[in-house]
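Trainee: Sequence first, predicted model second:
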Amino acid sequence: MTRASEALTEALKEQEEGLLNCVHCGFCLPACPTYRRLGDEADSPRGRLHLMRAVTEGRLDPGSDAYQLHIDRCLGCRACEPVCPSGVAYGHLLELARGVGRAARRPSLLSRLLPRVFGTPWIARPAMLAARLFRATKIPALAARLRFGGGPPGPIRLGMAMLAASAPGGRPGPSAPSAPGTRRQAARPRAPRPATPAPRVAILTGCVQAGLFARVNAATVRVLRANGYEVVAAPAQGCCGALHAHAGDLGRAAELARRNVEAFEAAGADYIALNASGCGAAMAGYGSLLGGDEEIAGRAEAVAARVRDVSELLAMRGPLPGGEIAIAVTYDPPCHLLHAQGVSGPPETVLRAVPGVEIVPLAGAAECCGGAGIYGLTHRDLGAWIGGDKVRSVVESGAAALVTGNPGCMMQIGAGLRLAGRTTRILHVVELLDASYERGGVYGRSGG
């Protein structure tokens, strides 16, 4: 065991109480996507906690194949946390466990390369520019339509499909006839903007979000302003560190977190708005990530306490209703919004602010889509299995569009739909509200 691995193992040992909280009740088993498909106890949350304990007690080498395989197979979706009667903080323990594994054995090139790209601005900016230019050629969209035999798509075709899925899907328009079980939203009278002072909001622009989903960032600014928020800049911000923490690179994740703590402190905002739920969960966990740094731990907790998903902020102030858009949509809650942050109602509150929208139930909505950061690329077979089930649910819903709140989910599900030859549109929650506001003339009246 290396010195770095020993240090991280000690950090995991300090969480012994959290590990011992697991009473092996089994409530997590049906909630775990990998256990449900593989049926292997080691690929369940309680099985992975057992592996972590074995390492801290010196009974298992963190560089062993068993530890590396089963810890790495976890999606990190945290669906086990809400159902755990003992309140095990599985997500935090998983990141520590992956840090131990990373220090004991060098991870794959892809697992090292992608976090490095997104966490390094001078690499990320030209890389994202190149990706946008390549996306504009329509080659990725064409490659996603080509089929070569059976089985999961190769890494190049999958990457092409994901890039194609990040492209704007066009403004929402009239939908097909209502699917069974839909709830159509009637037009509501336009409510006055709340008379309370405008809260100040700073937005995490993100790395993938800024690079491939700039339209979502722009829509976020518009809808927040229309609902009475003052949007302020946080120019010194950077990558949130989510990909690094998920990959076990806790040192780099902490560096990025410190930068953002300082940047958002300087912004002086009442809230920090997130339109990428993976980033939201990461920032909400800054207190834990930086808890061992006495100099900044308290400040990190204060910043984390101001983190809100954009749907939460909109629901707090209304949101104002917009113009009618007759479209049937189904909503897929991102794991790191539903399970990690416990946000369930606000996204549908936002959807209900769009008159004419029909909300179609989605079977298996609470289960992960298989994207999980870069999981869909590093575990193509299992990611495609899990993602394929999500795509089938979307198709069977009969909805014209899938609405979600995380860029990774948009790319993973969008890629699956494209690879299946489907034309279902993928929209962010704020994109739909933004289109409704434009159609209803809200911006002209509100100054948004």
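Mentor: Received the coordinates, thanks.
Trainee: Any chance you could list what contacts stretch 380-397?
Mentor: Outside of stretch 380-397, the residues within contact range by Cβ atoms under 8 Å, 6 or more residues apart in numbering are 33-34, 37-38, 73, 75, 152-153, 155, 158, 179, 330, 332, 360-365, 367-372, 375-377, 402, 412-413, 415-417, 420, 422, 424. Placement of C-beta: from N, CA and C, glycine included.
Trainee: For residue 393, which non-adjacent residue is spatially closest?
Mentor: Beyond its immediate neighbours in the sequence, the residue positioned closest to residue 393 (Cβ to Cβ, 6 or more residues apart in numbering) is residue 363, lying 4.5 Å away.
Trainee: I should have written residue 54 there, sorry.
Mentor: Closest residue to residue 54 apart from its sequence neighbours, by Cβ to Cβ, 6+ apart: residue 60 at 3.8 Å.
Trainee: That neighbour - that's part of a strand, no?
Mentor: No: assigned with DSSP: H, G, I helix; E, B strand; the rest coil, residue 60 falls outside any strand and is coil.
Trainee: From residue 114, how far off is the closest residue to residue 244 other than its chain neighbours?
Mentor: Nearest non-adjacent residue to residue 244, counting by Cβ to Cβ, 6+ apart: residue 253, 4.0 Å away. Relative to residue 114, residue 253 is positioned 14 Å away (criterion: Cβ to Cβ, to the nearest Å).
Trainee: neighbours around the residue lying closest to residue 368 once chain neighbours are set aside, how many?
Mentor: In this structure, residue 368 finds its nearest non-sequential neighbour in residue 77, 3.9 Å apart by Cβ to Cβ, 6+ apart. Neighbour count for residue 77, taken as other Cβ atoms under 10 Å: 27.
Trainee: ok, now residue 83?
Mentor: In terms of burial, residue 83 registers 15 neighbours under the definition other Cβ under 10 Å.
Trainee: Please apply the same query to residue 146.
Mentor: Count around residue 146 with other Cβ under 10 Å applied: 10.
Trainee: same deal with residue 316?
Mentor: Look at residue 316: counted by other Cβ under 10 Å, it has 17 neighbours.
Trainee: before we move on, the earlier item: please verify my assumption that the residue nearest to residue 54 contacts residue 66.
Mentor: Yes: contact criterion Cβ atoms under 8 Å: residue 60 and residue 66 qualify, at 7.2 Å.
Trainee: picking that back up, double-check the residue nearest to residue 244 against residue 245; I have them as touching.
Mentor: Yes: with contact defined as Cβ under 8 Å, residue 253 and residue 245 form a contacting pair (4.0 Å).
Trainee: can you tell me the helix or strand for the nearest residue to residue 219 once chain neighbours are set aside?
Mentor: Using Cβ to Cβ, 6+ apart and skipping residues adjacent in sequence, the residue nearest residue 219 is residue 434, 3.8 Å away. Mapping residue 434 onto the secondary structure by DSSP states H and E places it in helix 429-440.
Trainee: per-residue confidence at residue 149?
Mentor: At residue 149 the predicted local confidence, pLDDT, stands at 56.
Trainee: hang on, I meant residue 2
Mentor: pLDDT for residue 2: 57.
Trainee: do residue 246 as well
Mentor: According to the model, residue 246 carries a pLDDT of 89.
Trainee: Next, it: phi, psi?
Mentor: Backbone dihedrals for residue 246, given as degrees, to the nearest 10, come out at phi -60, psi -30.
Trainee: Which parts of the stretch 251-400 of the chain are strands?
Mentor: Counting by DSSP state E, counting those that start in this stretch, residue ranges of the strands within the stretch 251-400 of the chain are 271-274, 307-309, 327-331, 357-360.
Trainee: now the stretch 51-200 of the chain
Mentor: Using DSSP E, counting those that start in this stretch, the strands of the stretch 51-200 of the chain run over 183-184, 200-203.
Trainee: Quick check, central residue of this protein?
Mentor: With the centre of the chain defined as its mean C-alpha position, the nearest residue by Cα atoms, centre = their mean is residue 278, 3.2 Å away.
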